[in-house]
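Novice: Output the structure for:
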Amino acid sequence: MDEPAAADRPVRIAHAREVNSAAGAPWRLVAALDPGAADRASGRAPDHWIDLEIARRRAIAADPNLAHDRVLHRQPVTTLDDHLARGLRIEALTELVDGFTARGEPADDDALLEADDLVFGPPVIRPPSLRDFYAFEGHVRTMWERRGGEVPETWYRLPIFYFSNVSEIRGQNEPVWAPTASAELDYELEVAALIDTPVVDLAEERGEEAIGGYTIFNDWSARDLQREETVVRLGPAKGKDFASSFGPWLVTPDELAGARATGATGPDLAMTAEVNGVETSRGSWSDAQFSFGAMAARASADARLRPGDLLGSGTVGTGCLLEVKDATLGRYLEPGDEVVLMIDRLGALRTPVIARPDRR
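Specialist: Numbering: from 1, shown residues only. Model prediction:
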């Protein structure tokens with residue numbers, strides 16, 4: 001298989017800090033050192049990551065005019081949040097990745113960080129908003145049947161979403177616990193898309209043009225709290241807003257090249273979940289009723305989407321214990337469990353479940 005041209009090369013972006021960093025150390029914006037087409041397709045975790053601020057400084061040292069000619073090079077590279085706030089899109093970071101040349105072996109290059117030495121944070125640290133959709137019929141039908149009803153006709157016409165909380169964002173390996181008064185903690189296996197340019201009133205056919213990347217999303221649920229709240233028929237509240245996990249990194253749309261059939265709503269990529277190493281969920285992104293273009297169009301109707309806004313796909317069919325626990329784990333999640341969500345080409349998002357801390 002031919003390597004993609006530089007302008008079309010998939011890039012993986014993440015926030016990372018070294019394992020032994022001091023408490024409160026700032027995140028560093030890093031990009032995966034290109035592992036080649038085979039490893040990209042497998043979704044294998046990259047071994048080395050490029051510190052993009054060091055890459056920027058090296059580029060300026062080689063060509064001082066860059067600091068005057070390119071917006072990307074005028075200020076330090078800190079976080080993706082800051083990058084987006086400067087009016088830059090994610091694809092602009094490709095210039096630093098493509099222009100990077102390692103100095104000798106990775107162990108001898110201070111710009112290259114070993115994955116085993118890093119802690120990864122959420123791809124966006126402070127998203128302005130999080131809209132979570134309801135795009136997979138398998139999950140929607142199961143939820144309605146449990147209530148003794150049928151899927152409303154409206155669901156087939158309109159991408160429906162609710163607003164979730166953006167103050168409790170988690171990254172790779174950050175623990176999650178059940179909220180107060182809940183004994184039914186559940187995972188939800190989803191895809192999330194990141195908006196990286198300001199838009200309003202998007203047409204569906206252009207909706208995906210506003211997306212800078214994709215990541216795995218675990219939309220945690222407290223089923224007992226949720227069950228009480230939904231009786232009132234208002235959107236999810238305390239049953240949903242205690243934690244949302246994203247990661248382990250963000251991949252640019254080019255990462256999905258060749259995985260999507262003509263006319264399909266999404267790429268044909270497997271979505272799976274494991275609890276304590278045992279597979280509990282399996283579905284496909286291509287099963288979605290709506291594309292992310294349709295979701296972005298719906299979200300932007302009469303409302304401005306801002307860089308950093310996140311759109312969740314909703315839970316893939318079988319993608320939560322509410323649907324499958326009787327046939328798999330036999331219970332909801334408990335302290336000591338580890339949940340791993342995997343999506344082909346997007347990686348694996350790991351979360352330990354712990355007892356609720358006494359103090360936060």
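Novice: Show me what counts as buried in the helix or strand hosting Val140.
Specialist: Assigned by DSSP states H and E, Val140 belongs to helix 137-146. Neighbour-count burial for helix 137-146 flags Glu137, Gly138, His139, Val140, Thr142, Met143 (criterion: 16 or more other CB atoms under 10 Å). All C-beta spots, glycine's among them, are computed from the backbone N, C-alpha and C.
Novice: got it, and stretch 301-311?
Specialist: So for stretch 301-311, counting by 16+ other CB under 10 Å, buried means Leu305, Arg306, Pro307, Gly308, Asp309, Leu310, Leu311.
Novice: quick one, strands of the stretch 51-200 of the chain?
Specialist: 112-114, 118-120, 130-133, 161-163, 169-170, 185-186, 189-195 (DSSP state E, counting those that start in this stretch).
Novice: so how far is the second one off the chain centroid?
Specialist: Shown here is strand 118-120, whose average C-alpha point lies 15 Å from the average C-alpha point of the whole chain (CA atoms, centre = their mean, to the nearest Å).
Novice: State the mean pLDDT of that strand.
Specialist: The pLDDT scores in strand 118-120 average 96.
Novice: Mark out where each domain of this structure begins and ends.
Specialist: 6-120, 130-352 (automatic domain parsing).
Novice: Would you mind finding the most buried of these?
Specialist: Comparing these by mean neighbour count (mean count of other CB atoms under 10 Å), domain 130-352 comes out on top with a mean of 19.
Novice: Ile125 touches His15, doesn't it?
Specialist: Yes - Ile125 lies in contact with His15 (CB atoms under 8 Å); the separation is 6.5 Å.
Novice: Overlap in contacts, those two.
Specialist: Trp27, Thr79, Leu80 (CB atoms under 8 Å, 6 or more residues apart in numbering).
Novice: quick one: contacts for the first one?
Specialist: When the contact criterion is CB under 8 Å, 6+ apart, the partners of Trp27 are His15, Ala16, Arg17, Thr78, Thr79, Gly121, Ile125.
Novice: what's the answer for the second one, then?
Specialist: For Thr79, the contact set (CB under 8 Å, 6+ apart) comprises His15, Pro26, Trp27, Leu29, Ile125.
Novice: Return the residues in contact with the last one.
Specialist: By CB under 8 Å, 6+ apart, the contact set of Ile125 is His15, Trp27, Thr79, Leu80, Asp81, Ile169.
Novice: so which of these comes closest to Glu204?
Specialist: Checking the contacts of Ile125 against Glu204 by CB to CB gives Leu80 as the nearest, at 26.4 Å.
Novice: and that closest one, what pLDDT?
Specialist: Leu80 is given a pLDDT of 98.
Novice: can you tell me how far it sits from His48?
Specialist: 19 Å (CB to CB, to the nearest Å).
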